[in-house]
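Student: Any chance you can model this:
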Amino acid sequence: MRSRTRAGIGAAAAGVVAVLLAGTASAAPAPGTPGVGDPYYPKAGNGGTDVLHYDIRLTYQPATDLLSGTTTLLLTATQDLSRFDLDFALKASNVLVDNRPAQFTNQNGDGELVITPAKPLAKGQTATVVVSYADTPSTAKIGTLNGWKKGSFGALGIDEPQSAQWWFPSNDHPTDRATYDVSIEAPDGLAALSNGSLVRKTKSRAGWTRWKWRSTQPQATYLTSFIVGKYEVVQSTTPDNKPFVTAYGADLGDSLYAAKASVERTPEINAFLATQFGPYPFEAEGGVVTSGIGFSLENQTRPTYGARNFAAGSNTTLIAHENAHQWFGDNVSLGKWSDIWLNEGFASYAEYLWSEHEGEGTTAELAQYAYDSYAADNAFWQVLPGDPGEANQFDGAVYDRGAMALQALRTEVGDDAFFAILKQWQAAKTGKSAVIPEFVALAEKVSGKPLQALFQTWLFTKGKPAVGPNGTVAAAKSFAAPVKPKSWDQIRANHRALAADGRH
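Tutor: Residues are numbered from 1 along each chain as shown. All right, here's what the predicted structure looks like:
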């Protein structure tokens, strides 16, 4: 009897231990998701990993469009991972994870490189992933989309919302930002341009030059640029001693001087914007003008401008727009692409601020003129800047009505609170991603006013608001012969041209 009791106690104790061990055991490693669940682009980005750094080392041959080399990613597992995805439209030839060969599948039609490491990655583990590849980006498609540009101007890995996939494997979503080393070897006589500071140019074989760039601040994938072609590259420093690198396509023709008269003023414009938004957030400044695109894009530290935007002369409002993105879009990035107003509405309002600074109409005049210019029955008022939908993500209303919303906020809370909101937003969210409700909450906190109704009206309600951005009661149609501020033609030309291309 006693021995049986002991046996029973032993069995019970063993059961308790087993339960305790089961409770503390980690879950079995599982695959990371093939996207972060963005409402517009569900497969953008990847679940299960956080990329810390990209080291991209490539050679590009324009004659054949052959892009070859390696991308090394330092990434941390955010779960126990049996496998994970990277966004990539090209074909990988070899993959190593922590120096061990990994199994991989090129699902290029879906833009996914699926990697199964030799050993699962534990949550919190940092791994080194090396992807080797040699492919022609101009022939690579994700569905029907190709984000690579190639022509007499050279080659461009530039686009929005996705472009990285056509030249390096990545977590291609703004919520996963990293630092970068980008090294591009190109034939002598061509420039190879990217972001941040130019660390050095080197030669190790006849006929080729390697350009090495470094970005030391967190940077989104779509803001990372690949530019190879014939460019005049100008290197100098800003008044506060930051590297200032600009480049101008050899084929700009009559637009060259207008482009230079605009882009070379970037440090002046950024110094002004810093008085409005807070300190410039990055380590370098610059700009590239190319005939290879019609739109312009806020590539971090060095925006890329389509040459046609200078066809009518200098265009500093465009410089103000793209560099305002260095704060709104680059320093504080989107939590999801449906929050595009946090990028474009603010950059468009920066055009108003710069125009006022230049004596070409006040922000109030510009916003009111925009409001008066669209009749109440215009389709413009049917697009919701706060969630425009994928098809309307770069619609003119996101820019113009988005800027009007900010003027309406300024009218409601007053100048002191308004600019305090903008600066505190930058300070609170620097280097992070954000969504619209967070901005609304901060605006209410700083101003001490309830603002939900204002943002609902301007961002999320179809139809022309009954009260304009300056508190003016609306007419049924547009006001007769509104007074046009001096800079309005240039602002509208920017928005028409760039929105027509679907990117800005």
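
Student: Ala178: neighbouring residues, count only.
Tutor: Applying other CB atoms under 10 Å, we find 20 residues neighbouring Ala178. Quick note: C-beta positions are derived from backbone N, CA and C, even for glycine.

Student: Can you tell me, leaving aside adjacent residues, what's nearest to it?
Tutor: Among residues not flanking Ala178 along the chain, Val51 sits closest, at 4.6 Å (CB to CB, 6 or more residues apart in numbering).

Student: Quick check: the one you found touching Leu74?
Tutor: Yes - counting by CB atoms under 8 Å, Val51 touches Leu74, with 7.2 Å between them.

Student: who has more neighbours, those two?
Tutor: Neighbour count, other CB under 10 Å: between Val51 and Leu74, Val51 has more, with 21 against 16.

Student: separation between that one and Gln107?
Tutor: 19 Å (CB to CB, to the nearest Å).

Student: which residues of the stretch 51-200 of the chain fall in strands?
Tutor: Ranges of strands in the stretch 51-200 of the chain, per DSSP state E, counting those that start in this stretch, are 66-77, 84-87, 92-97, 100-101, 103-107, 112-116, 126-135, 149-151, 154-157, 178-187, 191-193, 197-202.

Student: okay, these in TSV with distance to Phe277 and mean pLDDT next?
Tutor: Listed next are the strands of the stretch 51-200 of the chain as TSV, based on distance: least, CB to CB, whole Å; pLDDT from 0 to 100:
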stretch	distance to Phe277	mean pLDDT
strand 66-77	31	98
strand 84-87	31	98
strand 92-97	40	98
strand 100-101	46	98
strand 103-107	41	96
strand 112-116	37	97
strand 126-135	34	98
strand 149-151	31	97
strand 154-157	28	98
strand 178-187	23	98
strand 191-193	26	98
strand 197-202	22	98
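
Student: Can I get the ones you listed in a markdown table including distance to Leu297?
Tutor: As requested, the strands of the stretch 51-200 of the chain are exported to a markdown table (distance: least, CB to CB, whole Å):
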| stretch | distance to Leu297 |
| --- | --- |
| strand 66-77 | 20 |
| strand 84-87 | 18 |
| strand 92-97 | 26 |
| strand 100-101 | 37 |
| strand 103-107 | 27 |
| strand 112-116 | 24 |
| strand 126-135 | 23 |
| strand 149-151 | 11 |
| strand 154-157 | 10 |
| strand 178-187 | 16 |
| strand 191-193 | 13 |
| strand 197-202 | 20 |
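
Student: Which of those sits closest to Ser170?
Tutor: Of all the strands of the stretch 51-200 of the chain, strand 84-87 sits nearest to Ser170, with 5.6 Å by CB to CB.

Student: Remind me what that closest one packs against, helices and strands.
Tutor: Strand 84-87 sits against strand 112-116, with contacts defined as 3 or more CB pairs under 8 Å, 6 or more residues apart in numbering; DSSP states H and E.

Student: returning to that earlier point: can you give me the distance of the residue nearest to Ala178 to His173?
Tutor: Distance, Val51 to His173, using CB to CB: 10 Å.

Student: Shouldn't Lys212 be within a strand?
Tutor: Yes - under DSSP: H, G, I helix; E, B strand; the rest coil, Lys212 falls within a strand.

Student: how much space between it and Ile56?
Tutor: Between Lys212 and Ile56 the computed distance is 10 Å (CB to CB).

Student: what touches both of the two?
Tutor: Common contacts of Lys212 and Ile56 (CB atoms under 8 Å, 6 or more residues apart in numbering): Asp181, Val182, Ser183.

Student: Is the first one in contact with Trp213, as I believe?
Tutor: Yes - using CB under 8 Å as the test, Asp181 is close enough to Trp213 to be in contact (7.3 Å).

Student: what is in contact with these two at once?
Tutor: Taking CB under 8 Å, 6+ apart as the contact rule, Asp181 and Trp213 both touch Val199.

Student: Which stretches in this protein count as helices?
Tutor: Secondary structure of the chain (DSSP state H): helices at 2-24, 256-263, 266-277, 316-324, 341-357, 363-373, 396-413, 415-429, 436-447, 452-460, 488-500.

Student: what mean pLDDT does the longest one have?
Tutor: Mean per-residue pLDDT for helix 2-24: 41.

Student: cool, the third one as well?
Tutor: If you average the pLDDT over helix 266-277, you get 98.

Student: Give me the buried stretch members for it, please.
Tutor: For helix 266-277, the buried set under the neighbour-count rule, 16 or more other CB atoms under 10 Å, comprises Thr266, Pro267, Ile269, Asn270, Phe272, Leu273, Ala274, Gln276, Phe277.

Student: ok, residues contacting that helix?
Tutor: 238-240, 244, 246, 280, 285-287, 316, 319-320, 323-324, 326-328, 350, 353-354, 357, 419, 422-423, 426.

Student: Would you mind listing which of those are buried?
Tutor: By neighbour count, with 16+ other CB under 10 Å, the contacts of helix 266-277 hold 238, 244, 246, 280, 285-287, 316, 319-320, 323-324, 326-328, 350, 353-354, 357, 419, 422-423, 426 as buried.

Student: quick one, domains of the chain?
Tutor: According to automatic domain parsing, the chain comprises the domains 43-229, 230-327, 333-500.

Student: Make CSV out of those domains and add distance to Gly32.
Tutor: Rendered in CSV, the data for those read as follows (distance: least, CB to CB, whole Å):
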stretch, distance to Gly32
domain 43-229, 2
domain 230-327, 26
domain 333-500, 18
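
Student: Mind telling me which of those domains the model trusts least?
Tutor: Among the domains of the chain, domain 333-500 scores lowest, at a mean of 91.

Student: so what's Gln219 up against?
Tutor: Going by CB under 8 Å, 6+ apart, Gln219 touches Arg177, Ala178, Thr179, Tyr180, Asn195, Gln300, Asp330.

Student: Most neighbours among those residues, which one?
Tutor: In those, the most neighbours by other CB under 10 Å go to Gln300, 28 neighbours.

Student: before we move on, the earlier item: could you dump the helices of the chain into a markdown table and include distance to Pro469?
Tutor: A markdown table is the format used below for the helices of the chain (distance: least, CB to CB, whole Å):
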| stretch | distance to Pro469 |
| --- | --- |
| helix 2-24 | 58 |
| helix 256-263 | 27 |
| helix 266-277 | 17 |
| helix 316-324 | 18 |
| helix 341-357 | 10 |
| helix 363-373 | 4 |
| helix 396-413 | 4 |
| helix 415-429 | 12 |
| helix 436-447 | 15 |
| helix 452-460 | 8 |
| helix 488-500 | 14 |
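
Student: What is the burial count for the closest residue to Asn46 other than its chain neighbours?
Tutor: Ranked by CB to CB, 6+ apart and with sequence neighbours excluded, the top spatial neighbour of Asn46 is Asp85, at 4.5 Å. The local packing of Asp85 (other CB under 10 Å) involves 26 other residues.
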